[in-house]
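# here's a sequence, model it:
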Amino acid sequence: MSLGQISTGPALNSLAFYQQKLTQASNQASSGNRITNASIDPSGLAIYNALESQAQGADTANQNISQASDAINVAQGATSGIQDALGQLQNLAIEAGNGFNSASDNAALQTQANALVQQINTDAGTVNFNGTALLTGQNSGTTPATAASATTTSNDLVNSGGNVVTTATASAATTSGTIGVTIANTGAGAVANVTFTDSTTQQVTNVGQFAAGSTVNVNGTSVTLGQFTTSDTNSTATVQTQAATAGSVNSTIGVQTGATQGQQTAVTIPDATTAGLGITNIDFSTPQNATNSLGQINAAISKLGAGQAQLGAQTASLENAFNNNNISSVNLTASASDIGDTNEPSVATELNSLKIQQQISIQTINNANVTNGYLNRFFSVSV
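Purely as a prediction, here's the structure:
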């Protein structure tokens, strides 16, 4: 005779299965994670982790971008102060270019200029971000070589047509300075008195007197004079010359602006020292020297303005990288969420279903116990 009227084996297996699934679903519901362990979805977990890692990398890169932007803002603030100092130097140079000034007047102007030059060097030398010098030129990157230039900054008309200076052409031998041309009446006719003020030494050289239409070589720069006459007496022209430069190669500041290898941005900061701006030797002792210094100062203003524009362009570039990282992070996080997050409504439905299945299994076992006795859950006895 068999005592095992109702078999409990399948019910026990079902109970164990539903209990395991119920535990898994409960963990998913409480944690909000669909993949609570690797066995649930091994490949999905790998993809989820990769996406999360990329999103976190983009967020970390944005921290770098924020710091780099802050450094550039500090540099821009300092260049604004230097720009103001250059503006004051420009005004002083204009004031010094007045032949009615006394020697003491020019000496006072020179004292003010020297103080401003020192201030520029102090500002450029001390401004830093987290210990990194910003405006000393050490992180200015590659500066290309430049050819010599000759720019006619003022040029009076002459009565016969044209100007005091027809052309001014630089060469490789051109030195930096100011060429001054003044028409004079010698009594025997009109001549052009030509001078050259050297920017390095501030020495003024009388090049000579030349007839109309002449071509004069002034420290490597070829100047062709116009067809002036005695009626053009006291007419003038000024030519600012700049020697060729060899260029330089300095460091840049590398910033990791993305989550992947190679997403580096090189940040360059301009040289705002007086040496970098070309105004190390400002001289207001004579009108000629003041005119030459004014040319140097104007060139420095233009150079610093270009540096400020470069800083602004880099800020815009960093902002674009920041926004791209934000978009990438949001999209990557959303993709990871689709893979790894729990579908709460679905899990809630599953939990209810599993609880019902669990209760059915328990009731089946309970019925077997009533019919066959407690021990028949574990074994059957035959007579």
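# lowest-confidence helix or strand of the protein?
The helix or strand of the chain with the poorest confidence is helix 9-31; it has a mean of 60 (mean pLDDT, DSSP states H and E).
# tell me which helix or strand comes right after that one.
Toward the C-terminus, helix 9-31 is succeeded by helix 42-96 as the next helix or strand (DSSP states H and E).
# show me what contacts Gly258?
Shown in contact with Gly258 (CB atoms under 8 Å, 6 or more residues apart in numbering): Gly57, Ala58, Ala61, Ala321, Asn325. In this view, the C-beta of every residue, glycine as well, is placed from N, C-alpha and C.
# so the residue nearest to the spatial centre of the chain versus Ser69, what's the distance?
Nearest to the mean C-alpha position of the chain, by CA atoms, centre = their mean, lies Gln314 at 2.9 Å. Here Gln314 is placed at a distance of 9 Å from Ser69 (CB to CB, to the nearest Å).
# pLDDT wise, what is the residue lying closest to Gln203 once chain neighbours are set aside at?
Closest residue to Gln203 apart from its sequence neighbours, by CB to CB, 6 or more residues apart in numbering: Thr197 at 7.3 Å. Per-residue pLDDT puts Thr197 at 95.
# so Gly220 sits right up against Ala172, yeah?
Yes. Under the criterion of CB atoms under 8 Å, Gly220 makes contact with Ala172 at 7.3 Å.
# mutual contacts of the two, please.
Counting by CB under 8 Å, 6+ apart, the contacts common to Gly220 and Ala172 are Ala148.
# those two: which has the busier surroundings?
Between Gly220 and Ala172, Gly220 has the larger neighbour count (other CB atoms under 10 Å), namely 17 against 9.
# quick check: closest non-adjacent residue to that one.
Counting by CB to CB, 6+ apart, Ala173 is the residue found nearest to Gly220 once chain neighbours are left out, at 3.2 Å.
# the one you found and Ser154, how far apart?
24 Å.
# what about these two, which has more around it?
Neighbour tally, Ala173 and Ser154, criterion other CB under 10 Å: the higher count belongs to Ser154, 15 against 12.
# bridge partners for the closest residue to the more buried one other than its chain neighbours, pull those for me.
Distance criterion CB to CB, 6+ apart; nearest residue to Ser154, sequence neighbours excluded, is Thr238 at 4.5 Å. Beta-bridge pairing for Thr238 (DSSP bridges): Ser154, Gly180.
# hey, C-alpha coordinates of stretch 279-294 in CSV?
Extracted in CSV, the C-alpha atoms of stretch 279-294 (Å, rounded to 0.1, in the frame of the first residue of the first chain):
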residue,chain,number,x,y,z
ILE,A,279,57.8,98.4,-25.3
THR,A,280,60.9,97.9,-23.2
ASN,A,281,62.5,101.2,-24.2
ILE,A,282,60.0,104.0,-24.2
ASP,A,283,61.6,107.4,-24.5
PHE,A,284,59.9,110.8,-24.3
SER,A,285,63.1,113.0,-24.3
THR,A,286,62.4,114.5,-27.7
PRO,A,287,59.4,114.8,-30.1
GLN,A,288,61.1,112.3,-32.4
ASN,A,289,61.6,109.8,-29.6
ALA,A,290,58.0,110.3,-28.5
THR,A,291,56.8,109.7,-32.0
ASN,A,292,58.8,106.5,-32.2
SER,A,293,57.5,105.4,-28.8
LEU,A,294,54.0,106.1,-29.8
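# next one: it to chain centre, how far?
For stretch 279-294, the separation from the chain centroid amounts to 34 Å (computed by CA atoms, centre = their mean, to the nearest Å).
# what residues of it count as buried?
For stretch 279-294, the neighbour count (16 or more other CB atoms under 10 Å) marks 279, 281-294 as buried.
# surely Gln202 touches Asp283?
Yes. In this structure, Gln202 is within contact of Asp283 by CB under 8 Å, at 3.9 Å.
# shared neighbours of those two, anything?
Asn289, Asn292, Ser293.
# give me phi/psi at the last one?
As for Ser293, its main-chain torsions (degrees, to the nearest 10) stand at phi -60, psi -40.
# who's in contact with it?
Counting by CB under 8 Å, 6+ apart, Ser293 makes contact with Ala93, Ala96, Ala113, Gln202, Ile279, Ile282, Asp283, Phe284.
# so for those residues, which is the shakiest by pLDDT?
Gln202 (91).
# secondary structure element for it?
Using DSSP H and E, Gln202 sits within no helix or strand.
# report the separation between it and Ser293.
Per CB to CB, Gln202 is found 8 Å from Ser293.
# now Thr230
From Thr230 across to Ser293, the span is 32 Å (CB to CB).
# same check on Gly312?
Gly312 is 28 Å from Ser293, where distance means CB to CB.
# tell me the contacts of Ala172?
Taking CB under 8 Å, 6+ apart, we find Ala172 in contact with Ala148, Gly220, Ala244.
# assign a three-state SS to it, would you?
Using DSSP: H, G, I helix; E, B strand; the rest coil, the structure places Ala172 in coil.
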